[in-house]
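Participant: sharing a model prediction with you, sequence too.
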Amino acid sequence: MKVRAPLTVLVVDDEQRSLETLRRTLEEDFTVFTSISAEEGEIVMGREFVHIVLCDQRMPGMQGVEFLCRVRSQWPDTVRLILSGYTDAEDIIAGINQAGIWQYLLKPWHPEQLLLTLKSAAELWRLQQENQRLSLELRDSPEQLAKQVSARRGQVRARSGFERLVRAADSPLNGICELAQRIAGHELSVLVTGESGTGKELLARAIHYASERAARPFVVENCGAMPDTLLEAELFGHKKGAFTGAHEDRIGLFQQADGGTLFLDEIGDTSPAFQVKLLRAIQEGEVRPVGSPRSVPVDVRIIAATNRNLEADVASGRFRQDLYYRIAGITLHMPPLRDRPQDIPLIVAAMFKESALAGRRFSGAAMQALSVHRWPGNVRELQNEILRALALADGDVLDAGVFSPRVGQAATARPATGPDMEGATLKERLDRLEAELIADALKRHKGNKTRVAEELGLTRVGLRMKLSRLGLVGAEE
């Protein structure tokens, strides 16, 4: 697989410590330039080819929005993001319109979320370039472009199916996916619950692409990432002159998703005041852009997601009961990764297969460490751990030493009883004990699975299934 060259990011911040922290967070995935002021940033922009700019808002001299306005004027293809602890909604919207800012990030920022946002910005830049190329082709060969668009749509659909939710034959995720497939073709609203990182958006995409709306847009909005006024403008759109900085009409995400699916992530973090407006839009099938005297009809399917207990929030009055019943036509709960350890070997294998370093594998000790770790960050944390191991390790067999300390400590077998198993279920204790017995037998017989199976009274097929379920895949022959 061809490895794409990293895109370039210019980070502008007047605080040296913040600048260094941002650089360290991004430098593994991007070529990073840094500037201590907007004026210095302009010099870098004139000297280097910059794909993405991440700029602080409040700085001595030229402010962030002013700088990004100049960037927009001189280097319009550059994706522009602003970072600030200043949260006045009117000024935020004005900045977004004046400077064409793609994302407004609030302080304090989380490294994982920041990196995910910058990766999305990189993909946006690539898509912009592809769009420009396709637009040129459209002038000369619309028939050829139509074929390409159809082919690309098919590729997206193939990459977004239920098979992307990697799972074993006995995974608790299977029942969720089967139910989701059954309801995909029906016009039910769906609420997906579960901890962060469990794959709620993946499930939502799979439902969309298995429905009759698959040829129409799938649009995503994180409702917990911005204040009410900005969220209203994002979802419903606004008219020119509706507020300071609204220099042009803007179509909201409801209209962008017309005919398709709108995925509202972290819906539980919306305020009760905004929930009223959202309920009306869903109930009436129409939205009123900010500053417009008329409503616009929209046809969207709502799939919402939250890591909160919305039923408890309804009982406490924090979340509107009528909105809850509108979005929860059916509720699907994504189990945490710690409840489906049998899926870990398959997720690992899929990531190895998709990487540029296919053919490598983890040792038995490494797989055991992955299987017993509790994964508070769920699949997202596991994926980051695997990518880290692939980047740092040498050789074809990767041992547990390549993991970060919090995961690598699990490489040493822990007893099935004792302080670290307090609160564990009986099944978890039994699985731990069974894994230790098999691991010891593998060590004694130097990986000879035939002898191990004989000692434990298992068939070789039975042993192989246990190795997979307990995360001991990769033990050497």
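Facilitator: Sure, I can see it.

Participant: low-scoring stretches of the stretch 151-300 of the chain, by residue?
Facilitator: 151-160, 225, 244-246 (pLDDT under 70).

Participant: now do 80
Facilitator: 151-160, 225-226, 240-249 (pLDDT under 80).

Participant: can you map out the strands along it?
Facilitator: Ranges of strands within the stretch 151-300 of the chain are 190-193, 218-222, 237-238, 250-251, 261-265, 286-287, 296-297, based on DSSP state E, counting those that start in this stretch.

Participant: hmm, E385 is touching S404, no?
Facilitator: Yes - using C-beta atoms under 8 Å, E385 is in contact with S404, at 6.5 Å. Quick note: C-beta positions are derived from backbone N, CA and C, even for glycine.

Participant: looking at the two, which is more packed in?
Facilitator: Applying other C-beta atoms under 10 Å to E385 and S404 shows that E385 carries more neighbours, namely 22 against 13.

Participant: pLDDT score for the more buried one?
Facilitator: Per-residue confidence (pLDDT) for E385: 87.

Participant: also L357?
Facilitator: Value listed for L357 in the pLDDT field: 57.

Participant: report the inter-axis angle for the lengthiest helix in the chain versus strand 218-222.
Facilitator: Counting by DSSP state H, the longest helix found in the chain is helix 111-140. Using axes from the mean of the first three to the mean of the last three C-alpha atoms, to 10 degrees, one finds that helix 111-140 and strand 218-222 are set 150 degrees apart in direction.

Participant: and helix 111-140, how far from the chain's centre?
Facilitator: 17 Å (C-alpha atoms, centre = their mean, to the nearest Å).

Participant: pLDDT (mean, whole number) over that helix?
Facilitator: Rounded mean pLDDT across helix 111-140 is 81.

Participant: helices or strands next to that helix in the packing?
Facilitator: helix 16-26, strand 52-56, strand 79-84, strand 103-106, helix 142-159 (3 or more C-beta pairs under 8 Å, 6 or more residues apart in numbering; DSSP states H and E).

Participant: hang on, D29 is in a helix, isn't it?
Facilitator: No - counting by DSSP: H, G, I helix; E, B strand; the rest coil, D29 falls outside a helix, being coil.

Participant: quick one: it from E123, how far?
Facilitator: Here D29 is placed at a distance of 12 Å from E123 (C-beta to C-beta, to the nearest Å).

Participant: between those two, which has more neighbouring residues?
Facilitator: Higher neighbour count among D29 and E123: D29, with 15 against 12, using other C-beta under 10 Å.

Participant: wait, that one touches A121, no?
Facilitator: No - assessed by C-beta under 8 Å, D29 is found out of contact with A121, at 11.3 Å.

Participant: neighbours around the residue nearest to L279 when sequence neighbours are not counted, how many?
Facilitator: Spatial nearest neighbour of L279, chain neighbours left out: L323 (4.5 Å); criterion: C-beta to C-beta, 6 or more residues apart in numbering. If you count neighbours by other C-beta under 10 Å, L323 ends up with 23.

Participant: ok, L323 - contacts?
Facilitator: Q275, L278, L279, I282 (C-beta atoms under 8 Å, 6 or more residues apart in numbering).

Participant: for E39, same thing?
Facilitator: G61, M62 are the contacts of E39 under C-beta under 8 Å, 6+ apart.

Participant: would you mark the buried spots in the helix or strand harbouring it?
Facilitator: Remark: E39 resides in helix 38-47, with elements defined by DSSP states H and E. Buried residues in helix 38-47, counted by 16 or more other C-beta atoms under 10 Å: A38, G41, E42, V44, M45.

Participant: from the chain's centroid, how far away is it?
Facilitator: Counting by C-alpha atoms, centre = their mean, helix 38-47 comes out at 32 Å from the chain centroid.

Participant: ok, now stretch 272-284?
Facilitator: The answer for stretch 272-284 is 26 Å, by C-alpha atoms, centre = their mean.

Participant: please tell me I have it right and R374 contacts P341.
Facilitator: No - using C-beta under 8 Å, R374 is not in contact with P341, being 10.0 Å away.

Participant: pick out whichever of the two has more residues nearby.
Facilitator: P341 (21 against 13).

Participant: H333 bridge partners, please.
Facilitator: On the basis of DSSP bridges, H333 is bridged to T193.

Participant: which ones are touching it?
Facilitator: Taking C-beta under 8 Å, 6+ apart, one finds I176, V192, T193, G194 in contact with H333.

Participant: one more: W125?
Facilitator: So W125 contacts L7, H51, I52, D77, T78, V79 (C-beta under 8 Å, 6+ apart).

Participant: can you check A391 too?
Facilitator: Neighbours of A391 in contact, by C-beta under 8 Å, 6+ apart: E28.

Participant: sec struct for it, please.
Facilitator: Once three-state DSSP is applied, A391 turns out helix.

Participant: tell me the pLDDT at it?
Facilitator: So, for A391, pLDDT stands at 77.

Participant: likewise Q63?
Facilitator: pLDDT at Q63 comes out at 88.

Participant: can you give me the helices in the stretch 301-450 of the chain?
Facilitator: 310-316, 321-327, 344-354, 364-372, 378-392, 405-408, 426-444, 449-456 (DSSP state H, counting those that start in this stretch).

Participant: what about the closest residue to T261 other than its chain neighbours, neighbour count?
Facilitator: Nearest residue to T261 in three dimensions, chain neighbours excluded: H208, at 4.2 Å (C-beta to C-beta, 6+ apart). Other residues near H208 come to 25 when the count uses other C-beta under 10 Å.

Participant: give me every residue that touches H208.
Facilitator: Counted by C-beta under 8 Å, 6+ apart, H208 has contacts S160, A184, A214, F218, G260, T261, F263, R301, I303.

Participant: got those as TSV, with neighbour count and distance to D170 columns?
Facilitator: As requested, the contacts of H208 are exported to TSV (neighbours: other C-beta atoms under 10 Å; distance: C-beta to C-beta, whole Å):
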residue	neighbour count	distance to D170
S160	19	25
A184	19	23
A214	17	29
F218	22	30
G260	19	34
T261	23	30
F263	27	29
R301	23	31
I303	28	27
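
Participant: if I look at E42, how far off is V166?
Facilitator: Distance from E42 to V166, by C-beta to C-beta: 46 Å.

Participant: ignore what I typed, I meant G329.
Facilitator: In terms of C-beta to C-beta, G329 sits 27 Å off from V166.

Participant: quick one, which of those two is more surrounded?
Facilitator: V166 (19 against 16).

Participant: so who does the more buried one touch?
Facilitator: Contacts of V166 (C-beta under 8 Å, 6+ apart): D343, L346, I347, A350.

Participant: from these, pick the one nearest R23.
Facilitator: I347 (30.6 Å; C-beta to C-beta).

Participant: okay, now the closest one: neighbour count?
Facilitator: Counted with other C-beta under 10 Å, I347 comes out at 20.

Participant: for it, which non-adjacent residue is spatially closest?
Facilitator: Nearest non-adjacent residue to I347 (C-beta to C-beta, 6+ apart): V166, at 4.9 Å.
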